Structures are given as structure tokens and as C-alpha cells.
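Colleague: Need the 3D shape of this:
(one chain, ligands or ions: 1)
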Amino acid sequence: MKAYEITAFGIDHLKIVEREIPQPGKGEVLLKMKAASLNYRDYLMVEGKYNPKLKLPVIPLSDGVGEIIETGAGAIKFKKGERVSPIFAPSWIAGSPTIQDMRQTLGGPLDGTLCEYMVVHESALVSVPEHLSDAEAATLPCAALTAWSALFVYGNCRPGDTVVVLGTGGVSVFALQFAKMAGAQVIVTSSSNEKLAKMKEFGADHLINYKEKPEWAKEIRRITNMSGADYIIEVGGAGTLEQSLKAVRMEGTISLIGILAGSSKDLNLLPVLMQNIKVQGILVGSRQAFEQMNQAIAAHKLRPLVDSIYPFAEAAQAWRHLASQKHAGKICITIG
Ligand SMILES: NC(=O)c1ccc[n+]([C@@H]2O[C@H](COP(=O)([O-])OP(=O)(O)OC[C@H]3O[C@@H](n4cnc5c(N)ncnc54)[C@H](OP(=O)(O)O)[C@@H]3O)[C@@H](O)[C@H]2O)c1
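Modeller: Here you go, the predicted structure:
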């Protein structure tokens, strides 16, 4: 079978290689992969910035969807022909993860989804919503589940809440869609007026260009009659946290998800205690949360925003597009 490998760090070192088609063992199934999608993590992984000690070669990407074409002994949960997605952390089934769960993740250090065939234990798979195309379904395992965990597993997003999403990348657009689904008011920030116009089509109630308004927290205060937002989907990290602390309401939640704007900076933490602010770290989610999210996606016929789809042979272009940050939503790759 054909598979991509990170053979050395850097996008130019992504190589198509030949590997043996793996055979399913006890409780495992063989998937013919249909599509995969990229997360910012996959860019960091390939560049050697996520884990400079990552053992190479490794098949990249945590997210994908495949069709079951063979079942191993005792694998009874799914049938041949079903479309499924492997989960990000194969041993995190429900409840709190262990450190070991979070160390064994797809696309590094474990082989990922950018390959023609994959063997996965049935306990590390979820069914995908039927109304989604392969590419759409491939966007769910990391970005969508992270947004879902922030709002509904660690958070309790309710109708009438105000949710702020930073930027228009994969996690943020899912957070916009899920928050609207829950009846919340959503404020989107972006560096691009064109992308903001697109977010309006996806239901955003208020739009802020953070380049034109670097003190965007003031806008959020104005929009919320000075009370502040209930949830901030914080993908910027150190570079945006100061504004997030000014934008969140008393006892509101900042879901700390990404570090697009840096991971460290001098910061005044006083507002956290003076205003009972919850700063909640989020790391993707469990299989149980994924299954619940998929039920909601199916019930609401929600469609992910797919920015672009690249053929398998041009996967490196997908990485370059992600690196350019010109996308909104998700970048996908078709397989086979
Ligand atoms: N903790 C987890 O479990 C988890 C899961 C998934 C992702 N993440 C992290 O979350 C972050 C986003 O991931 P992603 O895959 O959604 O990325 P992505 O699709 O590449 O999104 C990037 C977008 O973020 C926006 N952005 C960049 N710098 C910003 C800033 N200073 N302020 C506001 N927005 C900014 C930009 O939107 P505009 O062009 O509209 O400005 C950019 O297009 C990354 O740091 C990633 O590693 C963490």
C-alpha cells in the first residue's frame, strides 16, 4: 500500500512510501482509508516543533475516515462496509484521560491516517454521521471534538450564552457551529474581513477584525452590555490571553486550546482570581464525547466547513496551504 511518511522534519521531507497492507488481529478491523484532514498540530509535527524528539519515520495526520473491509477474530462492533473514524487517542474511551492515553496519539508518535489501509482496534473507532461526505467526516476527530469538549464536556454552553471564537481555523469554526446549535450568541474575531463575511454565512452574530481592533475585548464588552462573554475559545494562547481575560465575564470560562500567538508571555493573572474566571485547558476528547458529538451532528445535519480538498499525491500542498493560514475551516486530503 501507499502511505506518507515524515522521513525527516520539514514539509519537503514528506514522502510517499510502499508498506505492507497490515492484517487485523484479534478485535481489530482493516480500514480502506477514504479521506484525511489536517490540524495545526500536523503542521507543527511535520516541522519538528510539536515534538523535536519524535521517532521517525511516522505516518502523519490524526484525522481520517475509512471503510471497514475486513474484521479480525472477535471484532463484532462494526460490520464490513461501515464508515468509521479512528479516535485521536486510541486508549481514551471515557472519563478522564491518563498521561499514557495522551502520549499515544495518532499522527505522532503512533502512525496516523495518511495511508491507503489502516488496522485499528474496534474500541478505538466511532461510526461517522451518514449525511457527511468522506472529506467532511474526516474533519471531526480532533478539531470538532476539541470544540465540543470545550463547550459541552468541560463547559455547559446554554441558549443565550455568549461565545467568542478566535480566528476562523478548524477548531474555531466548529465552535461557532456548535455554539449556534446550542442557541448561543457567537462573536468571531479574524484578521480577514473576507473570512469574517464567510463566518456571517455560518451564523456568526458579531464580527471583529482583530488586526483593525487589537483591543478587541472592548468590542466584546460593548456587545455584551459590559458584562463580558461566557466562553472564549482561546486558540491564540499567550498572545491573546490578555484580551481574553478582559473579554470574559465574571465567572466565565476561557477554554485554553492553542498557542497560535505564542505559549509564554508576562501576564497579569489578577483578573483570574478577582473575577472567579475559569481557565480550562482542553486536549481533544474521549471516544464517548466523540460519539455524543456525532449524534448531535447527525441530528442537526451539521456540515463542517471544508476549505479545500487535495488529492493524495499532492498532500504536501495541503500542508503549505495550512502554513499560509489563508484557509477558513478545514483542509482535507482524499485517499484512493
Ligand atoms: N488542545 C487541543 O486539543 C487542540 C486541538 C486542536 C487544535 N489545537 C490548537 O488550536 C490552535 C488552532 O488549531 P486549528 O487546527 O484550528 O488551526 P488552524 O485551522 O490552522 O487555524 C488557524 C487560524 O487561527 C487564527 N489565528 C492565528 N493567530 C491568531 C491570533 N493571534 N488571534 C486570533 N486568531 C488567530 C487565524 O484565523 P484568521 O485568519 O481568521 O485570523 C488562522 O487562520 C492551534 O494552536 C492548535 O495546535 C489544540
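
Colleague: Residues of the stretch 51-200 of the chain that sit close to the ligand?
Modeller: Listed as neighbours of the ligand in the stretch 51-200 of the chain under the rule CB under 6 Å from any ligand atom: 142-143, 146, 166-172, 189-192, 195. The way it works is simple: take the backbone N, C-alpha and C, and place the C-beta from them, glycine included.

Colleague: Which among the residues you listed count as buried?
Modeller: Among those, those classed as buried by 16 or more other CB atoms under 10 Å are 142-143, 146, 166-172, 189-190, 192, 195.

Colleague: for the closest residue to the ligand within the chain, what are its contacts?
Modeller: In the chain, no residue comes nearer to the ligand than Gly169, which is 1.7 Å away by CB to the nearest ligand atom. Gly169 is in contact with Tyr40, Ala143, Val235, Leu260, Gln325, His327, Ala328, Gly329, counting by CB atoms under 8 Å, 6 or more residues apart in numbering.

Colleague: Domain map for this structure?
Modeller: What automatic domain parsing lists as the domains of the chain is 2-142+285-334, 155-281.

Colleague: For the residue nearest in space to the middle of the chain, which three-state class applies?
Modeller: In the chain, the residue lying closest to the centroid (CA atoms, centre = their mean) is Ala143, at 1.1 Å. Assigned by DSSP: H, G, I helix; E, B strand; the rest coil, the conformation of Ala143 is helix.

Colleague: shouldn't it be in contact with Leu176?
Modeller: No - using CB atoms under 8 Å, Ala143 is not in contact with Leu176; the gap is 11.9 Å.

Colleague: Could you pick out the residues of the stretch 201-336 of the chain near the ligand for me?
Modeller: 210, 235-236, 239-240, 257-261, 282-284, 322, 325.

Colleague: Confirm that Ala147 sits in a helix.
Modeller: Yes - when three-state DSSP is applied, Ala147 is found to be in a helix.

Colleague: Quick check: next helix or strand after the strand ranked longest in the chain?
Modeller: Ordering each strand of the chain by length in residues (DSSP state E) puts strand 28-38 first. Once the chain leaves strand 28-38, the next helix or strand it forms, by DSSP states H and E, is helix 40-47.

Colleague: State the mean pLDDT of that following helix.
Modeller: Averaging pLDDT along helix 40-47 yields 98.

Colleague: now for it, which elements pack on it?
Modeller: Applying 3 or more CB pairs under 8 Å, 6 or more residues apart in numbering; DSSP states H and E, we find helix 40-47 packed against helix 315-324.

Colleague: Would you map the helices across the stretch 151-300 of the chain?
Modeller: Listed in chain order, the helices of the stretch 151-300 of the chain (DSSP state H, counting those that start in this stretch) span residues 170-181, 193-201, 216-223, 238-247, 270-274, 287-299.

Colleague: Buried ones in the longest one, by neighbour count?
Modeller: Spelled out, that is helix 287-299. Buried residues in helix 287-299 (16+ other CB under 10 Å): Arg287, Ala289, Phe290, Gln292, Met293, Asn294, Ile297.
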